[in-house]
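>>> The following comprises the amino acid sequence and a computationally predicted model.
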Amino acid sequence: MVKRMVALIAVLVLCTAGTTEPMVVGGTLASVSEAPWAVVLTNKDAVRDSKRWCGGVLVAPNKVLTAAHCAGRSASSYGVIQGRADLADHSLGKFSAVSKIWVHPAYSTTTNRNDFAVLTLTKPMTGVPLLRLETSPRADRRGAVPTVYGWGDTNGTGPEDTLQKLAVPDLGDATCLGIKGYAENGYTAAANICAGYLDGTGDACQGDSGGPLVMNGRLLGIVSWGRGCAEPQYPGVYAEIAPVAKTLLEQVR
């Protein structure tokens, strides 16, 4: 299974630093006005000109929530961009360096559980709307249709390094638990959300890791892992916010 980040050794991918494979696959263009809290995590070691590494969510003026598997480098190597739908347009958006990284103490690279990290910005992004965390486990329910946002790879379904969005139906935990390899890779109903399309219509992809899965104005989950991108019968796996909301809130207040 491959994490959806940049250059990771795995089988499920969502955000890989320096990959040239897809973004949100099958999505549509999104504006920064509809998702002002969505941010891009850059890294000096990324091979792309844009230095895109992962996605993230502004949850406090000086705090960004992202995936733990995106946060394995030194804090000084990261940057955060907000308000720039097209990463090639340097005339728009805000930028901040990162001063500190907190990784969930129970994060496991083996099971991919607790895939959360909080970055502290050197320059608070004041005046930018924040996204509230979902605190109810009941929000993860089969049939709900949250939306994922990201600048990741698109597999040719959209422009590179440009903010995309995709509505991804919540398929329910039983769906992912029934997929060969998912349970072995760490999927659990207590910590993950299974969302996407079994026919391969669309999915998050490399470069989207850590990005927001949003429903009813709250952060339901963040992009974590999956098998390939938009592969039939292999939906995306998201790290669920509600079970760890209390721990995360302690880091962002």
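In hand now; what should we look at? Numbering: from 1, shown residues only.
>>> quick one, strands of the stretch 1-150 of the chain?
Remark: strands assigned in the stretch 1-150 of the chain by DSSP state E, counting those that start in this stretch are 2-3, 28-29, 38-43, 52-60, 63-66, 78-82, 94-103, 117-121, 132-133, 147-150.
>>> Now do the third one: distance to the chain's middle.
Between the centre of strand 38-43 and the centre of its chain there are 10 Å (Cα atoms, centre = their mean, to the nearest Å).
>>> list the helices and strands it packs on?
Judged by 3 or more Cβ pairs under 8 Å, 6 or more residues apart in numbering; DSSP states H and E, strand 38-43 is in contact with strand 52-60, strand 63-66, strand 78-82. For glycine as for every other residue, the C-beta is placed from the backbone atoms N, C-alpha and C.
>>> before we move on, back to that, now mean pLDDT, mean neighbour count and distance to Asp208 too, for the strands of the stretch 1-150 of the chain, in CSV please.
Shown next, in CSV, are the strands of the stretch 1-150 of the chain (pLDDT from 0 to 100; neighbours: other Cβ atoms under 10 Å; distance: least, Cβ to Cβ, whole Å):
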stretch, mean pLDDT, mean neighbour count, distance to Asp208
strand 2-3, 74, 28, 10
strand 28-29, 92, 12, 15
strand 38-43, 97, 28, 10
strand 52-60, 97, 28, 5
strand 63-66, 98, 26, 11
strand 78-82, 98, 22, 15
strand 94-103, 98, 17, 19
strand 117-121, 98, 23, 15
strand 132-133, 98, 16, 19
strand 147-150, 97, 28, 3
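>>> can you put those in a markdown table and add distance to Ile241?
Below are those laid out as a markdown table (distance: least, Cβ to Cβ, whole Å):
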| stretch | distance to Ile241 |
| --- | --- |
| strand 2-3 | 18 |
| strand 28-29 | 24 |
| strand 38-43 | 15 |
| strand 52-60 | 10 |
| strand 63-66 | 9 |
| strand 78-82 | 19 |
| strand 94-103 | 16 |
| strand 117-121 | 12 |
| strand 132-133 | 5 |
| strand 147-150 | 13 |
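>>> coming back round to it: okay if I get the helices and strands packed on strand 38-43 as a markdown table plus distance to Gly156?
Listed next are the helices and strands packed on strand 38-43 as a markdown table, based on distance: least, Cβ to Cβ, whole Å:
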| stretch | distance to Gly156 |
| --- | --- |
| strand 52-60 | 17 |
| strand 63-66 | 26 |
| strand 78-82 | 24 |
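>>> Of all those strands, which one is nearest Thr111?
For the helices and strands packed on strand 38-43, proximity to Thr111 was assessed by Cβ to Cβ; strand 63-66 is nearest, at 18.6 Å.
>>> CA-only coordinates of the closest one, as CSV, when you get a sec.
Coordinates of each C-alpha in strand 63-66 appear next as CSV, following Å, rounded to 0.1, in the frame of the first residue of the first chain:
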residue,chain,number,x,y,z
LYS,A,63,-0.9,25.7,13.1
VAL,A,64,-1.2,23.3,10.2
LEU,A,65,-2.5,19.8,10.5
THR,A,66,-1.0,17.3,8.0
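>>> Run through who's touching that strand.
Residues from elsewhere that reach strand 63-66 (Cβ atoms under 8 Å, 6 or more residues apart in numbering): 39, 41, 54-59, 80, 98, 116-121, 209-210, 219, 222, 248, 251-252.
>>> cool, and stretch 102-113?
For stretch 102-113, contacts defined as Cβ under 8 Å, 6+ apart pick out 1, 3, 68-69, 71, 114-120, 185-186, 188, 191-192, 224-225, 237, 244, 247, 251.
>>> Emit the ChimeraX select command for whichever of the residues you listed are buried.
To isolate the buried ones among the contacts of stretch 102-113 in ChimeraX, judged by 16 or more other Cβ atoms under 10 Å, type:
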select :1,3,68,69,71,114,115,116,117,118,119,120,185,186,188,191,192,224,225,237,244,251
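>>> distance between the helix or strand of the chain with the lowest mean pLDDT and the chain's centre?
Counting by mean pLDDT, DSSP states H and E, the weakest-scoring helix or strand in the chain turns out to be strand 2-3, with a mean of 74. Distance of strand 2-3 from the chain centroid (Cα atoms, centre = their mean) equals 12 Å.
>>> Noted, bye for now.
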